[in-house]
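Engineer: Following is a predicted model, sequence given first.
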Amino acid sequence: MIQISAAARPHVHLIDHPLVQHKLTLMRKKEASTNSFRQLLGELSSLMVYEVTRDMATQTVEIETPLETMQGTAIDGKKLVFVSILRAGNGILDGVLSVVPGARVGHIGIYRDPATLQAVEYYFKMPKDMQERDVIVVDPMLATGNSAAAAITRLKECKPKSIKFLCILTAPQGINTLYGAHPDVEIFTAAIDRELNDHGYILPGLGDAGDRIFGTQ
C-alpha cells in the first residue's frame, strides 16, 4: 500500500466537517441514483468551497445600511477562476458557483488513456487576463494524479497568481503524483482512500464519478 510522502502531507487539507462526511457517505452507496448523486455532489462542493476560499483576499468597501453608512468587507469574485477538468469536473461547478457566483470558469479537456493511464489533452479554454486571477481546479477524483498534474502544467502556461486543487476523493498515489509535479499546489479533499486498483480506480471509492454524474457506463 502506498503511503503519502512526508513532504506532501502539509499540502493536503482534509475537510472533515460532519455534513461533508455525511453527504460523501450517501454518494458512495452503489444504489444512489444519478439524480441523488448529482445533487449530493453539488451540495458537497458548496460546503467544501468555503474551506478552499478561506484565505481569499478581501477589500474594504463603503456601503449604506438602512440606518447608516459603514465600512464592510467584500471579495472580488471576478478575480477567481474555477477550472473544470472535463467531464466530471463539471459536476462540481454548480455547487461552487452557488457560493461564488461572480467567479469565471475555465475548462480543460483531458482523458486518461486506458492502456497507459496517462493524460491526453483535447480541449483548453480559459478566461482572459489569467495573470491577475487565482485558480481553483476542480475534479471529483484524484486517482493516479496524472490528469490533474497534466492539467495544472498546462494551466501554468497562463501564469495565474495561484492554483489550488479541489476534489471529493483521493488516494495516496494521486497525492504523491500531484505533489511531485506541483509542490506549490495545495490539495483540498473530503477523503483520502486506501489505494488504487489495477485499473487506476480509487478503493473503496465511489466508482466512476463521470458515469455516476451523467448516468453513462
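Structural biologist: Great, that's in hand.
Engineer: Now for the closest residue to Gly145 other than its chain neighbours, how many residues are close by?
Structural biologist: Ranked by CB to CB, 6 or more residues apart in numbering and with sequence neighbours excluded, the top spatial neighbour of Gly145 is Thr177, at 2.9 Å. C-beta: built from backbone N, CA, C; applies to glycine. Using other CB atoms under 10 Å, Thr177 has 20 other residues around it.
Engineer: what does His199 give?
Structural biologist: 9.
Engineer: any idea how far it is from Asp208?
Structural biologist: Computed with CB to CB, to the nearest Å, the distance linking His199 and Asp208 is 10 Å.
Engineer: for Leu166, same thing?
Structural biologist: Per CB to CB, Leu166 is found 19 Å from Asp208.
Engineer: more neighbours, these two?
Structural biologist: More neighbours surround Leu166 than the other of Leu166 and Asp208, with 28 against 15 (other CB under 10 Å).
Engineer: Please list all residues in contact with the more buried one.
Structural biologist: Contact partners of Leu166, counting by CB atoms under 8 Å, 6 or more residues apart in numbering, are 45, 48-49, 52, 92, 96, 136-139, 188-189.
Engineer: can you confirm the residue nearest to Gly145 is in a helix?
Structural biologist: Yes: assessed by DSSP: H, G, I helix; E, B strand; the rest coil, Thr177 belongs to a helix.
Engineer: what is the mean pLDDT for the longest strand belonging to the chain?
Structural biologist: Using DSSP state E, we find that the single longest strand of the chain is strand 104-112. Here strand 104-112 scores 90 as its mean pLDDT.
Engineer: who does that strand touch, helix- and strand-wise?
Structural biologist: Where contact means 3 or more CB pairs under 8 Å, 6 or more residues apart in numbering; DSSP states H and E, strand 104-112 is packed against strand 80-86, strand 119-125, helix 146-156.
Engineer: Compute the inter-axis angle for that strand and helix 146-156.
Structural biologist: Angle of strand 104-112 versus helix 146-156, following axes from the mean of the first three to the mean of the last three CA atoms, to 10 degrees, is 140 degrees.
Engineer: For the helices and strands packed on strand 104-112, which has the smallest mean pLDDT value?
Structural biologist: Mean pLDDT, when computed for each of these, is lowest for strand 119-125, at a mean of 88.
Engineer: which helices and strands sit right next to the helix or strand just after that strand?
Structural biologist: Proceeding N to C from strand 119-125, the next assigned helix or strand is strand 134-138, under DSSP states H and E. With contacts taken as 3+ CB pairs under 8 Å, 6+ apart, strand 134-138 sits against helix 34-52, strand 80-86, helix 90-99, helix 146-156, strand 162-166.
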